[in-house]
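Make a model of this:
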Amino acid sequence: MFDIKENLKKLPDSPGVYLHKDKMNNIIYVGKAVSLKKRVSQYFQNSRSKDSKVRAMVEHIDEFEYIKCGSEMEALILENNLIKKYKPKYNILLRDDKTYPYIKITNEKWPRIEKTRRVVKDGSSYFGPYTDVGAVNSIVDLISKVYKLKKCTTRNFPPGFRPCLNYHINQCNGMCVNRENKADYMKRIEQTKTFLKGNSMDLVGFLREEMNRASCEMQYEKAAIYRDYIISAKALMEKQRVVLSQDKDLDVILANGKGEVVVFTVIDGKLSGREIFEIRDRDEDEQNVISAFIKQHYGEKSKGPGEILVKNRIAEQNLIEEFLSQIWAGKVKITVPARGEKKALMEMVKNDMLEMVKTRQARDENRDNRRSNIRKQLSDLIEKSKIDNNRQGDDIDYVQDVVDEETGEIVELFKGEDDAFRVECYDISNTNGVDNVGAMVVFDELAKNRKAYRKFKIKSITGADDYGSMAEVLKRRMERGLSGDVGFLPLPNLILIDGGKGHVEIAAKVVGAYDLNISIVGLAKDDSHRTQRLVYKDRTGEFVEEPLKDRTLLFSYMGNIQEEVHRFAIEFHRSLRDKKVVKSQLDEIPGIGEKKRNNLLMFFGNMDEIKDASIDRLQGVRGISKRDAQNIRDYFDKR
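This next block holds a predicted model:
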């Protein structure tokens, strides 16, 4: 057993690094000291001056160890490396920062705009990097909508190709169905590149006109969207401001009081960028936060600015200056500006940071308003479309208490009033009645719940029978939930069906058989396969057809769900179909049975790789002889 008192006596009076450990032998804190004996002993002295965090840490210290160093500088370097390696619970930690994003114009027949964190030599045009990730996401979305650029990744459009939702909601002109002029499209791509190179006045002016028009028409939600786009465009495209008369490189570092450190970069006297870093410990003293941040952020860089501006003097300032000067092979100063240009720069950065916080709050409020809006619309729709719960089928015993085996918690059949509505959408997919499948996607109000998605192979129906297939899927789903299968709980508040009156009628009969007050709504399309109206039964059992207005929040929401369930169903159907094709082809080859077929698929991954494989490579598969390899090669060479 580790005796703390005895080991404190053995500590040397010299520089070094100490590591505190808990009962599980986890390193919970790494520190450095000029005198290990004095510094480590302080933790175990009774003192009311210790803050709550230190007291909590000391309660968990079961043992400690130390590493002697030749100097305080050597100790600082080792401390920094050990903190990065072990990420101790009680150290101030800079969360892992991602590489900064670029905006990419792809090198395709119909170029797309997208965000990427990788720059490769693929003929595409790259702009950036940018430090404001939120602004990048908004600007990509903005440009795609304003210039109606292609969003899908599909490169080839065979005859009969079905356009996606973006075409139906007028956010794409439909190059996939030959309704886009190539010259006009490429002109818009060039306008996009001009905008990304810094000429943003035309686009900002256009957005301001649209915002004012929407406001005059009292479409305040739409106006708020344009307002956010303008903010994002300015944040991304704002020209560099000259902030120093001399061509100096320096960084300005401030903590914003929200658990973040903001770094403003000045290059050649111009404000060139802003980076935001999240700090794990929000309650730590600002002086210690900035000190720890500088060591971690700059400690692994091969070069950096010659000067760093901070608001107040930081802990170990002289030592950190020496540390950075040593690793960058040049003098580095950490300065608290008192007057002149640098003081003005610090004030400007401080005001900019406050404005940034306000902008974020405005975005958060707008997001919350959208969430509240859709919740109200869904709530109204659920109330209007609940089916009559008079039992239409046989009695069924409901499970009363379902216990999740992993968490040990009771799972309710339905979500509580304060929880997000559970919305489920269903679709059927087949090819001429073959490989019938059903798909279920789940949204917790605005958020996709991918873990709750489910696939169904249709068992009782043969041929192209959408109604029968939908009835089977819904029956299986309800019985799994009511029998206590946690993977199918809770039950939905709202069921959306890709279809009209017939589909709603079938769904109502199935759900009604279980005496459940679940709302059922059909998503009916027009002749152009565009979602046009909601179809449901009211409390009297009469059908209601409610037009779905374009460009409303509910329209986009329903369209997204419908597109998602269609994608999910199609992918499942294709995977089954492709497996059958692979199986049938390999079964035709002499000497290739089930075991060898599975080995080939496991080794190559797909049919195309098998088709292109040489005889030598085929022989590398377990169980495939030279004769087998020759038979495989001969089979595909003849086709």
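
so residue 55 sits in a helix?
Yes. Using DSSP: H, G, I helix; E, B strand; the rest coil, the assignment for residue 55 is a helix.

Please name the residues that touch it.
Residues counted as contacts of residue 55 (Cβ atoms under 8 Å, 6 or more residues apart in numbering): none. (Each C-beta comes from the backbone N, C-alpha and C, glycine too.)

any chance you could map the helices in the stretch 301-450 of the chain?
With DSSP state H, counting those that start in this stretch as the criterion, the stretch 301-450 of the chain has helices at 317-328, 340-385.

Check the model's average confidence along the longest one for me.
To tie it back to what came earlier, the one meant is helix 340-385. Mean pLDDT, computed over helix 340-385, is 81.

now it: how far from the chain's centre is it?
19 Å (Cα atoms, centre = their mean, to the nearest Å).

Show me what that helix is packed against.
helix 220-237, strand 250-255, strand 260-267, strand 307-310, strand 494-497, strand 519-525, strand 531-537, helix 553-587 (3 or more Cβ pairs under 8 Å, 6 or more residues apart in numbering; DSSP states H and E).

can I see the domain layout of this protein?
Listed by automatic domain parsing, the domain ranges of the chain are 4-86, 102-237, 242-356, 402-540, 588-637.

Could you export these to CSV, including columns for distance to residue 370?
Formatted as CSV, the domains of the chain follow (distance: least, Cβ to Cβ, whole Å):
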stretch, distance to residue 370
domain 4-86, 38
domain 102-237, 7
domain 242-356, 21
domain 402-540, 8
domain 588-637, 41
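
So for residue 571, which of those sits nearest?
Distance to residue 571, taken as Cβ to Cβ, is lowest for domain 402-540 among the domains of the chain, at 8.5 Å.

Please name the nearest non-neighbouring residue to residue 91.
Excluding the flanking residues, the one nearest residue 91 by Cβ to Cβ, 6 or more residues apart in numbering is residue 83, at 5.2 Å.

And whichever strand or helix holds that neighbour, what's buried?
Using DSSP states H and E, residue 83 falls within helix 72-86. For helix 72-86, a neighbour-count test (16 or more other Cβ atoms under 10 Å) marks 72, 74-80, 82-84 as buried.

Adding pLDDT as columns, could you present those residues in TSV?
Putting those into TSV (pLDDT from 0 to 100) gives the following:
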residue	pLDDT
72	87
74	82
75	87
76	87
77	81
78	84
79	88
80	82
82	87
83	87
84	81
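
Please verify my assumption that the residue nearest to residue 91 contacts residue 89.
No. In this structure, residue 83 is not within contact of residue 89 by Cβ atoms under 8 Å, at 11.3 Å.

pLDDT weak spots in the stretch 451-600 of the chain?
Counting by pLDDT under 70, the stretch 451-600 of the chain contains low-confidence ranges at 528-529, 550-551, 577-584.

Which of the helices and strands packed on helix 340-385 has the highest mean neighbour count?
Scoring these by mean neighbour count under mean count of other Cβ atoms under 10 Å gives strand 494-497 as the most buried, with a mean of 26.

picking that back up, okay, the residue nearest to residue 91 and residue 487: tell me how far apart.
Residue 83 sits 42 Å away from residue 487, going by Cβ to Cβ, to the nearest Å.

what secondary structure does residue 118 sit in?
With three-state DSSP as the basis, residue 118 sits in coil.

Please tell me the pLDDT value assigned to it.
Listed pLDDT for residue 118 reads 76.

gap between residue 63 and residue 91?
In this view, residue 63 and residue 91 are 18 Å apart by Cβ to Cβ.

Have a look at those two and say which one is more surrounded.
Taking neighbours as other Cβ atoms under 10 Å, residue 63 and residue 91 compare with residue 91 leading, 22 against 15.

Let me have the buried residues of helix 72-86 in TSV, extended by distance to residue 598.
Shown next, in TSV, are these (distance: Cβ to Cβ, whole Å):
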residue	distance to residue 598
72	63
74	58
75	58
76	58
77	54
78	53
79	54
80	52
82	48
83	49
84	45
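
can you dump the C-alpha coordinates of stretch 335-352 into PDB?
The C-alpha trace of stretch 335-352 is given here as PDB (Å, rounded to 0.1, in the frame of the first residue of the first chain):
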ATOM      1  CA  THR A 335       2.400  41.400 -23.900                       C
ATOM      2  CA  VAL A 336      -0.300  43.100 -21.900                       C
ATOM      3  CA  PRO A 337      -0.800  46.300 -24.000                       C
ATOM      4  CA  ALA A 338      -1.300  49.500 -22.000                       C
ATOM      5  CA  ARG A 339      -1.500  52.100 -24.800                       C
ATOM      6  CA  GLY A 340      -1.300  52.900 -28.500                       C
ATOM      7  CA  GLU A 341      -2.200  50.700 -31.400                       C
ATOM      8  CA  LYS A 342      -1.900  47.400 -29.600                       C
ATOM      9  CA  LYS A 343      -4.200  48.600 -26.800                       C
ATOM     10  CA  ALA A 344      -6.700  49.700 -29.500                       C
ATOM     11  CA  LEU A 345      -6.400  46.400 -31.200                       C
ATOM     12  CA  MET A 346      -7.100  44.600 -27.900                       C
ATOM     13  CA  GLU A 347     -10.300  46.700 -27.400                       C
ATOM     14  CA  MET A 348     -11.300  46.100 -31.000                       C
ATOM     15  CA  VAL A 349     -10.900  42.300 -30.600                       C
ATOM     16  CA  LYS A 350     -12.800  42.400 -27.300                       C
ATOM     17  CA  ASN A 351     -15.700  44.200 -29.000                       C
ATOM     18  CA  ASP A 352     -15.600  41.800 -31.900                       C
END
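
can you pull the buried residues of it?
Within stretch 335-352, the residues that qualify as buried are 335, 337, 342, 345-346, 349-350, 352, counting by 16+ other Cβ under 10 Å.
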